[in-house]
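*Asks:* Test case, fold it:
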Amino acid sequence: MREGTGLEIADGVTVGAGGEPATDPKLESKGKSMRWTLLVALMWSSFAAQAATCPDPVRDAPAYPDDMRQARVQGSLVLDLRVDACGRVTEAAIAKSSGHASFDASALTASRGWVLSKDVIGGAVDGRLRVPLDFKLPQHRSYPYVGNDDWPATHRRARYVLENLAGYATPEAVLDQYDLQPEVMLTPPYKFVRNMLFRQRGADPREYWLFIYLGDRASVAARYRLVMENGEPVVRLAFLCEGEEKHCARDRKMVMKGLPFAKAR
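*Replies:* Numbers count the residues shown, from 1 in each chain. As a prediction, the model looks like this:
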């Protein structure tokens, strides 16, 4: 064997003159290719596992601060958010203030629980994006009053059944977040307290809402869904109340007796 040459002792394996393995260029290239393939597979597996465990998008509206509502103040701001690969907000700050601390604080509290959709986080740069947010009060509109004749005759004497209104804890939450679309206003059914009753546009089954106010704040929200069950007229009633327990118990009892023009059986 000449110096500087390798001695082949097995298929594809070469030992150099000093006894060290010699490098076969074809095998080295093949080895690099396999390593890259394995690395890509591991990265894709990690990404797929993360994607499979991403939660559904969540973007709850911030609560409207009481002081701003009572003062009839509206506002706009811009949030500066950092998100992870799933769209979960990991950091939240104010990029442009509304000028009102309570608006800014409410926006930060809500946004820290957000999980943004892929469409939204597609605009992120280095995991950061800016999101505008508006606080707007419901606009007062004029609706026709139709007396009480809009309430169907079939449900003037019906059985009232309590049901839950999932996702809403107070009457004010309903006013803020429920997609209320009054079609017609009925004559307020209770004479000695501020209240309003209206039919919800396009609801099936037919749906009415009653709000009773204490001062400028809704203390009672009641949703009436008019259905027929086994040929019997039934009013399914969801009731929410905010205030002292004894007052809420009194109002629940009153509402469960039925409206003045549509008494419960």
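*Asks:* in the stretch 151-265 of the chain, which spans are strands?
*Replies:* 157-163, 182-186, 195-200, 207-214, 217-229, 232-241, 258-259, 262-264 (DSSP state E, counting those that start in this stretch).
*Asks:* Buried residues, the fifth one. List them.
*Replies:* For strand 217-229, the buried set under the neighbour-count rule, 16 or more other Cβ atoms under 10 Å, comprises 218, 219, 220, 221, 222, 223, 224, 225, 226. Any C-beta I mention is one placed from the backbone N, CA and C, and that applies to glycine too.
*Asks:* just the last one next, same as before
*Replies:* The neighbour-count criterion (16+ other Cβ under 10 Å) identifies residue 262 as the buried residues of strand 262-264.
*Asks:* mind checking how far it is from the chain centre?
*Replies:* Relative to the chain's own centre, strand 262-264 is displaced by 36 Å; criterion: Cα atoms, centre = their mean, to the nearest Å.
*Asks:* Run through who's touching that strand.
*Replies:* Contact with strand 262-264 is made by 151, 155, 156, 157, 158, 159, 160, 235, 256, 257, 258, as judged by Cβ atoms under 8 Å, 6 or more residues apart in numbering.
*Asks:* cool, and the longest one?
*Replies:* Identification of contacts with strand 217-229 by Cβ under 8 Å, 6+ apart yields 152, 154-155, 158, 163, 165, 168, 170-172, 174-175, 203, 205-213, 233-243, 247-248, 251, 255.
*Asks:* That one to strand 207-214, inter-axis angle?
*Replies:* 160 degrees (axes from the mean of the first three to the mean of the last three Cα atoms, to 10 degrees).
*Asks:* How far off centre is strand 217-229?
*Replies:* Worked out by Cα atoms, centre = their mean, strand 217-229 lies 23 Å from the chain centre.
*Asks:* cool, the second one as well?
*Replies:* When C-alpha coordinates are averaged (Cα atoms, centre = their mean), strand 182-186 and its chain have centres 27 Å apart.
*Asks:* And the buried residues of strand 217-229, which two are furthest apart?
*Replies:* 219 and 226 (24.1 Å; Cβ to Cβ).
*Asks:* any weak-confidence spans in this protein?
*Replies:* 1-52, 139-145 (pLDDT under 70).
*Asks:* Find the centremost residue of it, please.
*Replies:* By Cα atoms, centre = their mean, the mean C-alpha position of the chain lies nearest to residue 60, the distance being 3.7 Å.
*Asks:* Could you grab the helix/strand/coil label for the residue nearest to that residue when sequence neighbours are not counted?
*Replies:* Among residues not flanking residue 60 along the chain, residue 110 sits closest, at 5.7 Å (Cβ to Cβ, 6 or more residues apart in numbering). Residue 110 falls in the helix class when you classify it by DSSP: H, G, I helix; E, B strand; the rest coil.
*Asks:* what separates residue 110 from residue 263, distance-wise?
*Replies:* 42 Å (Cβ to Cβ, to the nearest Å).
*Asks:* do the same with residue 107
*Replies:* 45 Å.
*Asks:* hmm, back to that, show me what contacts the residue nearest to residue 60?
*Replies:* So residue 110 contacts 60, 61, 62, 63 (Cβ under 8 Å, 6+ apart).
*Asks:* how about residue 107, what does it touch?
*Replies:* Applying Cβ under 8 Å, 6+ apart, the residues near residue 107 are 62, 77, 79, 94, 98, 133.
*Asks:* could you redo the last one with a cut-off of 10 Å?
*Replies:* 61-63, 75, 77-79, 92, 94, 97-98, 131, 133, 135 (Cβ atoms under 10 Å, 6 or more residues apart in numbering).
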